[in-house]
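> All I have is the shape, not the residue letters:
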């Protein structure tokens, strides 16, 4: 009787867990698979979509398989590259650029994504590769995202063969990976059960939807593959201490460095243009990196990449040093993540796009200043988004209806009734005495959201309503 009761209870629990995971299905492996398919169709048709997982590697696989044409340029990176958008590099043609960055992105992810493209036919002409120290940390080989990585394991193994890296170790690890078996095991897997519990309690499983703006309270995926962080993530600066714990827990491995060099060599020999992206650190974190010997490896890695770039004539965008891109701590949400499009633009404004197209900086070499003269008056205008500095909580976002396609706003709940420190500053030099009128094109949703303060030359704070 005891054995019978035990086995019956065990089967009831296992069955209940399996049914729960099948129904909630936060990564759309079972009952909700059609929702993921539909949301990716919406994404590739030019719509912004929320609710798409930023860690599920199967998403990247499906996107590549659904693409009608292979993009000219792609991005391989982690969450530090989410904000890298097509417009920053002058890609105006839809489908010519795609950002394949994934949460916790590792060298395995990079190779698996390239392998998926190879299975489709060919590689993109230009590949922007985020190179962060995490890329060479052995922990990335067995990270929490390994389960989400399994759907692209075969593509990884195929590409490793192209690199002549089919070692016995790889053969034993990846050759016999079968996504169907792994997916079935997820029905009763502890990890998937926990993820589904989180989704069920938060209601996240219902978040697949088309959205009209990229400044929302949820993670939004753009048609070019880039993503926008939720407001709670963007607004963390100053509220969350800069953490150095993960910086110190680095375990370097020559094995991963060797694979990385083999990858770059293969791409170079096959005529693919590689571009390195070095994501900057928060200025406070970078100050610690320069001082502590145990963090010296970060600077050594950057020098290694610069040396490789020089030898292979590879363009480099960015630097671990935030000051090279004029970034302040307000441009970061936490230790390593930029918090706005404006911050990411600062990184790329200093570099020419290797495809010959104009970057944001080149397009706005005369930064948004217009001029019109009449018989009695002169008009000079400056786009709001081309401020010398833009501090939180102000943000710059895209909108086709706005002048120059962008506007600046303050999210709900971030304003105050009294003047605070200046959040956006502009420099205008007036050499001729006269009467000047300050005018602005603004939009307020209601009487409570229609005002701000203006200060000129450290004078009074003038209320603008």
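Structure's in. What do you need? These numbers were taken from a predicted model, which means no experiment stands behind them. Numbering: from 1, shown residues only.

> middle-most residue in this protein, spatially?
Compute the mean C-alpha point of the chain, and by Cα atoms, centre = their mean the closest residue is residue 82, 0.6 Å away.

> nearest residue to that residue other than its sequence neighbours?
residue 227 (4.1 Å; Cβ to Cβ, 6 or more residues apart in numbering). Just so you know, the C-beta spots here come from the backbone N, C-alpha and C atoms, and that holds for glycine as well.

> Please give me every residue in contact with that neighbour.
Residues near residue 227 by Cβ atoms under 8 Å, 6 or more residues apart in numbering: 54, 82, 83, 99, 101, 219, 220, 221.

> Residue 25 touches residue 200, doesn't it?
No: between residue 25 and residue 200 there is no contact under Cβ atoms under 8 Å: 10.3 Å.

> and the two? which has more neighbours close in?
Using other Cβ atoms under 10 Å as the criterion, residue 25 and residue 200 rank with residue 25 on top: 22 against 14.

> pLDDT score assigned to the closest residue to that one other than its chain neighbours?
Excluding the flanking residues, the one nearest residue 25 by Cβ to Cβ, 6+ apart is residue 32, at 4.3 Å. Looking at residue 32, its pLDDT stands at 73.

> How many neighbouring residues does residue 32 have?
17.

> And the longest helix along the chain, what's buried?
Assignment by DSSP state H gives helix 2-24 as the longest helix of the chain. Neighbour-count burial for helix 2-24 flags 17, 18, 20, 21, 24 (criterion: 16 or more other Cβ atoms under 10 Å).

> Please identify which helix or strand holds the closest residue to the third one other than its chain neighbours.
Across the structure, with Cβ to Cβ, 6+ apart as the measure, the residue nearest residue 20 apart from its sequence neighbours is residue 196 (6.5 Å). Under the assignment given by DSSP states H and E, the secondary-structure element containing residue 196 is helix 190-202.

> and residue 128, which of the three is it?
strand (DSSP: H, G, I helix; E, B strand; the rest coil).

> Name the residues of the very next helix or strand once past the longest helix of the chain that are buried.
Next helix or strand after helix 2-24 toward the C-terminus (DSSP H and E): helix 33-44. Neighbour-count burial for helix 33-44, counted by 16+ other Cβ under 10 Å, picks out 36, 39, 40, 42, 43, 44.

> and what of stretch 427-437?
With the criterion 16+ other Cβ under 10 Å, stretch 427-437 contains no buried residue.

> Quick one: end-to-end distance for that stretch.
16 Å (Cα to Cα, to the nearest Å).

> Now residue 38: closest residue in space that isn't a chain neighbour?
According to Cβ to Cβ, 6+ apart, the nearest residue to residue 38 is residue 208 (7.7 Å).

> about what we covered before: not counting the longest helix of the chain itself, show me its contacts.
Contacts for helix 2-24 (Cβ under 8 Å, 6+ apart): 30, 31, 186, 187, 188, 189, 192, 193, 196, 199, 200, 205.

> contacting residues around the spatially closest residue to residue 77 that is not a sequence neighbour?
In space, and not counting its chain neighbours, residue 77 is closest to residue 130: 3.1 Å by Cβ to Cβ, 6+ apart. Shown in contact with residue 130 (Cβ under 8 Å, 6+ apart): 75, 76, 77, 78, 80, 81, 101, 105, 277, 278, 279.

> helix or strand for the closest residue to the second one other than its chain neighbours, which one?
Spatially, and ignoring its direct neighbours in sequence, residue 76 is nearest to residue 110 (4.4 Å; Cβ to Cβ, 6+ apart). Element membership for residue 110, per DSSP H and E: helix 107-120.

> quick one: that helix to chain centroid distance?
18 Å (Cα atoms, centre = their mean, to the nearest Å).

> Quick check: buried residues in it?
Within helix 107-120, judged by 16+ other Cβ under 10 Å, the buried ones are 107, 108, 109, 110, 111, 112, 113, 114, 115, 116, 117.

> of these, closest to residue 150?
Set against residue 150, the nearest of the buried residues of helix 107-120 by Cβ to Cβ is residue 112 (9.9 Å).

> roughly how far apart are the closest one and residue 135?
Distance of residue 112 to residue 135, computed by Cβ to Cβ, to the nearest Å: 14 Å.

> Please check the contacts of helix 2-24 and keep the buried ones.
Applying 16+ other Cβ under 10 Å to the contacts of helix 2-24 flags 30, 186, 187, 189, 192, 193, 196, 199, 205 as buried.

> Could you work out the most separated pair of those?
Checking these with Cβ to Cβ, the most distant pair is 189 and 205, at 16.9 Å.

> contacting residues for the closest residue in space to residue 132 that isn't next to it in sequence?
Distance criterion Cβ to Cβ, 6+ apart; nearest residue to residue 132, sequence neighbours excluded, is residue 279 at 5.7 Å. Counting by Cβ under 8 Å, 6+ apart, residue 279 touches 77, 80, 81, 130, 132, 318, 320, 336, 338.

> 6 Å instead?
Residue 279 makes contact with 80, 130, 132, according to Cβ atoms under 6 Å, 6 or more residues apart in numbering.

> so how far is residue 275 from the second one?
The spacing between residue 130 and residue 275, counted by Cβ to Cβ, is 10 Å.

> How about the first one?
According to Cβ to Cβ, residue 80 stands 15 Å off from residue 275.

> before we move on, what about residue 389?
Distance from residue 389 to residue 275, by Cβ to Cβ: 27 Å.

> One more: residue 262?
18 Å.

> Between these two, which has more neighbouring residues?
Per other Cβ under 10 Å, whichever of residue 262 and residue 275 has more neighbours is residue 275, with 20 against 16.

> And the residue nearest to residue 82, how close does it get to residue 278?
Distance of residue 227 to residue 278, given as Cβ to Cβ: 20 Å.

> which residues sit in contact with residue 100?
By Cβ under 6 Å, 6+ apart, the neighbours of residue 100 are 60, 74, 76, 113.

> what about 8 Å?
Contacts of residue 100 (Cβ under 8 Å, 6+ apart): 60, 63, 74, 75, 76, 77, 113, 225.

> and what of residue 389?
Contacts of residue 389 by Cβ under 8 Å, 6+ apart are 328, 424, 425.

> Buried among those residues? Need that as a selection in PyMOL.
Selection of buried members from the contacts of residue 389 for PyMOL, criterion 16+ other Cβ under 10 Å:
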select buried, resi 424
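
> okay if I get the contacts of residue 389 as CSV plus pLDDT?
Supplementary listing: the contacts of residue 389 in CSV, determined by pLDDT from 0 to 100:
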residue, pLDDT
328, 81
424, 84
425, 83
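
> Sounds good, over and out.
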